[in-house]
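*Asks:* sharing a sequence plus its predicted fold:
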Amino acid sequence: MKDHPVYKKYLREHATTHHLDRHIIKRLLSYLSPYKAYMFLAITLLVIARVIEALVPIFIGYTTQKIIDGAYASEFNKESLLSYILEACLIIIGMLFCGYLLDATSVIIKSHVGQKAVYSMRTKVYDHIQKLSMSYYDHHAVGRLMTRTIHDVEQINQMFTESVIPILGNIILFICIFAGIFFIDWRIGIAFAFLLPIVAVLTNRFRYYQRYCYDMVRNIVAAMNTFVQEHLLGASTIRNFGIQKREKLQFDEINLDHCTANIETIHHFAFFISAIDFLQSFSLILVFAVLVAFSPSGTGFQVGKYFTFSLYALMFFRPLSDLAERYNVLQSSMSAAERIFTILDRPTENYNSEGRKLENVRTITFEDVWFAYEKENWILKGLSFELHEGESLALVGITGSGKTTVISLLMRFYDFQKGSIKINGYNIKEYSLHSLREQFSVVLQDPVIFSGTLYDNITLYRPDISVERVNTVIDYVNLTDLVKKLPQGIFFPLGERGQTLSAGERQLVSLARAVAHERSILVLDEATANIDTVTEQLIQDVLQKILSQKTAIVIAHRLSTIRDVTRILVINNGVVAESGTHSELLQQKGIYEKLYRVQFQAEI
């Protein structure tokens, strides 16, 4: 494992772990700050409970020694001895019950606070991910983001409820026990003090390696989530090409890394716990030896003290063992928190809520626009064109020419590097992002269908879109036949990603969604690329109606679908190579005419 590249990366990135841990803990505690009063109460109850717990061995030892001394001095008769024992037992039971009650109340309070804090964190993480730029999604797998939102935040929940306050409780108990040992016999206290450096070395070694192991485990879990998600979504392709065995070998490799990392975690944990158990047994012998060596002459062996110190010896190492288990949770949470804060520290899109409000699009102007996804690998190289209200514009070109990029820049999923894009004469960066995007209805090549009813997928939960409006739109986009086939009509649940629908039906639903929302600009991104001829004709009928009524931008794959648009732009090598109507471009005998001829011959 030490030769593993993730381990080497860990050593580089965690050279300042102590500082990083303090920084992370400070940020995590900020989520508890709204509940300071509750946390103070929980900690106070915990402190009292641990003090009571530490006093019980002293009382037991005192009671035992008094009974023994009394028996030798004939101080007790049978009745008084039974009465004293019963009284002592009731006091001990009362102390234990009070400690239990205080401890239980503290647990309830901290669990309540922990859940509230985790609710706030998960909400913040999800909201932040939704606001990240599209470039972030281009470089980060969805499976990893799911891990951050669900599993990593849940790990923080365990820290809030099962780690921080219990660790604090163990530290308090440890201090109380140590104070109690010195109070009863300072010589045994000094003997125990010599064990502390050994415990400190063991704990520090355990802490360091557990942090590394949990970083490994969480990174591998994220990779596994990504792998499983991708391959479940692509199950049909995997079976179609018969690569199940190859994919299984890839999964086995990730799974083996996960197994190996967990086994190493267990090894470090086992070594620490075994060492603590050994020290615990050694301490019992040490207590016995010190009491025998330093017992006053003529008094004999002090049984009461031995009971007290034996209980303390067992209790002395119990917080350390429990601390190790809690520390597992804490280190896992620290690793999870580090990854979560890495996401939260990523800049989000600038929504410019104070910017101009865009209520209607009259003109769109691209002026010498240059754009590259990476450095100066330019996709658009001085693109210029203008679109007016009521016009329909088609973008044509070979794959990779920048057609979809034009839409991404227009909706500010990305920002251009040079030139300007204006709407109604103002730079699009002056508008608030929300009001800008609110003007566009986009129909993608691969439409997104959400789990929910047909009605929900068309309205996207907008309360102002009525059932009557949805029924009108369904008839408008030729979806009536589909709705008649569904048992519950528009309230039929479509299932995950709309798997109950055909590709063409999903496209019609997406088109109905765009029409129902009545926005200024309709954007069709290869809307007829992956559908059958019959459905294409249905969509073509709808498009003819829409294009005659609305401003539209069409990214065309099948050139036969854009004959009726106002203007066609042929984009080649990042610039407008040709511009005109369908008939004008055919007469120019240029790029468009060649593309159309090749496609027409292929369709024949």
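*Replies:* Alright, I've got the coordinates. Residues are numbered from 1 along each chain as shown.

*Asks:* would you mark the buried spots in the host helix or strand of Ala200?
*Replies:* For Ala200, the host element (DSSP states H and E) is helix 196-233. The neighbour-count check on helix 196-233 (16 or more other C-beta atoms under 10 Å) flags 199, 202-203, 206-207, 209-227, 229, 231 as buried. In short, each C-beta sits where N, CA and C put it, glycine included.

*Asks:* stretch 331-348 too?
*Replies:* Gln331, Ser332, Ser333, Met334, Ser335, Ala336, Ala337, Glu338, Arg339, Ile340, Ile343, Leu344.

*Asks:* what pLDDT does the model give the fourth one?
*Replies:* Model confidence at Met334, expressed as pLDDT, equals 80.

*Asks:* what does it show for phi and psi?
*Replies:* phi -60, psi -40 (degrees, to the nearest 10).

*Asks:* end-to-end on stretch 349-368?
*Replies:* End-to-end distance for stretch 349-368, by C-alpha to C-alpha, to the nearest Å: 24 Å.

*Asks:* can you give me the buried ones in it?
*Replies:* If you call a residue buried by 16+ other C-beta under 10 Å, then stretch 349-368 has these buried ones: Asn352, Gly355, Arg356, Leu358, Val361, Ile364, Thr365, Phe366.

*Asks:* closest to Ile109 out of the residues you listed?
*Replies:* Distance to Ile109 across those (C-beta to C-beta) is lowest for Asn352, with 42.3 Å.

*Asks:* can you pull the pLDDT of the closest one?
*Replies:* Listed pLDDT for Asn352 reads 69.

*Asks:* neighbours of Ile58, how many?
*Replies:* Applying other C-beta atoms under 10 Å, we find 17 residues neighbouring Ile58.

*Asks:* looks to me like it is in a strand.
*Replies:* No - looking at Ile58 with DSSP: H, G, I helix; E, B strand; the rest coil, it is helix, so not inside a strand.

*Asks:* so what's it up against?
*Replies:* Contact partners of Ile58, counting by C-beta atoms under 8 Å, 6 or more residues apart in numbering, are Gly180, Phe183, Ile184, Thr308.

*Asks:* need the max-distance pair from the residues you listed.
*Replies:* Pairwise distances across the contacts of Ile58 (C-beta to C-beta) peak at 10.0 Å, for the pair Phe183 and Thr308.

*Asks:* which one of the two is surrounded by more residues?
*Replies:* The residue with more neighbours, out of Phe183 and Thr308, is Thr308; 26 against 10, by other C-beta under 10 Å.

*Asks:* I figured the more buried one hits Ile184, correct?
*Replies:* Yes - with contacts defined as C-beta atoms under 8 Å, Thr308 counts as touching Ile184 at a distance of 5.8 Å.

*Asks:* so which of the contacts of Ile58 belong to helices?
*Replies:* Using DSSP state H, the subset of the contacts of Ile58 located in helices is Gly180, Phe183, Ile184, Thr308.

*Asks:* nearest to His139 among those?
*Replies:* For the ones in helices among the contacts of Ile58, the nearest to His139 is Gly180 (56.7 Å; C-beta to C-beta).

*Asks:* quick one, what contacts that closest one?
*Replies:* The contact partners of Gly180, taken as C-beta under 8 Å, 6+ apart, are Ala54, Leu55, Pro57, Ile58, Thr308, Tyr312.

*Asks:* so which of those comes closest to Ala372?
*Replies:* For those, the residue nearest Ala372 by C-beta to C-beta is Ala54; the value is 66.7 Å.

*Asks:* quick one: name whatever helix or strand follows the helix or strand containing the closest one.
*Replies:* Using DSSP H and E, Ala54 sits in helix 36-72. Downstream of helix 36-72, the next assigned helix or strand under DSSP H and E is helix 78-131.

*Asks:* circling back to that earlier point, so what sits against both of Thr308 and Ile184?
*Replies:* With C-beta under 8 Å, 6+ apart applied, the overlap between the contact sets of Thr308 and Ile184 consists of Ile58, Gly61.

*Asks:* let me have the contacts of Gly180 in a markdown table, extended by distance to Thr480 and pLDDT.
*Replies:* Shown next, in a markdown table, are those (distance: C-beta to C-beta, whole Å; pLDDT from 0 to 100):
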| residue | distance to Thr480 | pLDDT |
| --- | --- | --- |
| Ala54 | 77 | 83 |
| Leu55 | 80 | 85 |
| Pro57 | 81 | 83 |
| Ile58 | 84 | 81 |
| Thr308 | 86 | 78 |
| Tyr312 | 82 | 78 |
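
*Asks:* closest to Ile568 out of these?
*Replies:* Comparing these against Ile568 with C-beta to C-beta places Ala54 closest, at 84.2 Å.

*Asks:* do you have the strands of the stretch 351-500 of the chain handy? List them.
*Replies:* Assigned by DSSP state E, counting those that start in this stretch, the strands in the stretch 351-500 of the chain fall at 363-372, 378-388, 392-396, 418-423, 426-427, 440-443.

*Asks:* can you give the contact residues for the fifth one?
*Replies:* It stands for strand 426-427. With C-beta under 8 Å, 6+ apart as the test, strand 426-427 has contacts from Arg356, Ser420, Ile421.

*Asks:* output the lowest mean pLDDT helix or strand found in this protein.
*Replies:* Ranked by mean pLDDT, DSSP states H and E, the helix or strand of the chain with the weakest confidence is helix 5-13, at a mean of 46.

*Asks:* let me see the contact set for the closest residue to His258 other than its chain neighbours.
*Replies:* Distance criterion C-beta to C-beta, 6 or more residues apart in numbering; nearest residue to His258, sequence neighbours excluded, is Ile220 at 4.7 Å. Counting by C-beta under 8 Å, 6+ apart, Ile220 touches Ile254, Asp257, His258, Ala261.

*Asks:* which of these fall within helices?
*Replies:* Going by DSSP H, the helices hold Ile254, Asp257, His258, Ala261 from those.

*Asks:* least confident of the strands of the stretch 351-500 of the chain, on average?
*Replies:* Among those, strand 440-443 carries the lowest mean pLDDT, a mean of 86.

*Asks:* so what are the sheet partners of that one and their directions?
*Replies:* strand 521-525 (parallel) (DSSP bridges).

*Asks:* state the mean pLDDT of the partner strand.
*Replies:* Strand 521-525 carries an average pLDDT of 86.

*Asks:* once you drop chain neighbours, what's closest to Tyr100?
*Replies:* The shortest distance from Tyr100 to any non-neighbouring residue, by C-beta to C-beta, 6+ apart, is to Ala49 (7.9 Å).

*Asks:* touching, the one you found and Leu102? I think so.
*Replies:* Yes - taking contacts as C-beta under 8 Å, Ala49 lies within contact range of Leu102: 4.0 Å.

*Asks:* confidence score at the nearest residue to Tyr126 once chain neighbours are set aside?
*Replies:* Setting aside the residues directly before and after it, Tyr126 is nearest to Thr149 in space (C-beta to C-beta, 6+ apart), at 5.6 Å. For Thr149, the pLDDT comes out at 78.

*Asks:* go on, Arg246?
*Replies:* Looking at Arg246, its pLDDT reads 80.

*Asks:* in which helix or strand does it reside?
*Replies:* helix 244-294.

*Asks:* is it true that Asp525 touches Val406?
*Replies:* No - in this structure, Asp525 is not within contact of Val406 by C-beta under 8 Å, at 10.1 Å.

*Asks:* pick out whichever of the two has more residues nearby.
*Replies:* Taking neighbours as other C-beta under 10 Å, Asp525 and Val406 compare with Val406 leading, 25 against 21.

*Asks:* the residue nearest to His258 and Ala193, how far apart?
*Replies:* Separation of Ile220 from Ala193 (C-beta to C-beta, to the nearest Å): 41 Å.
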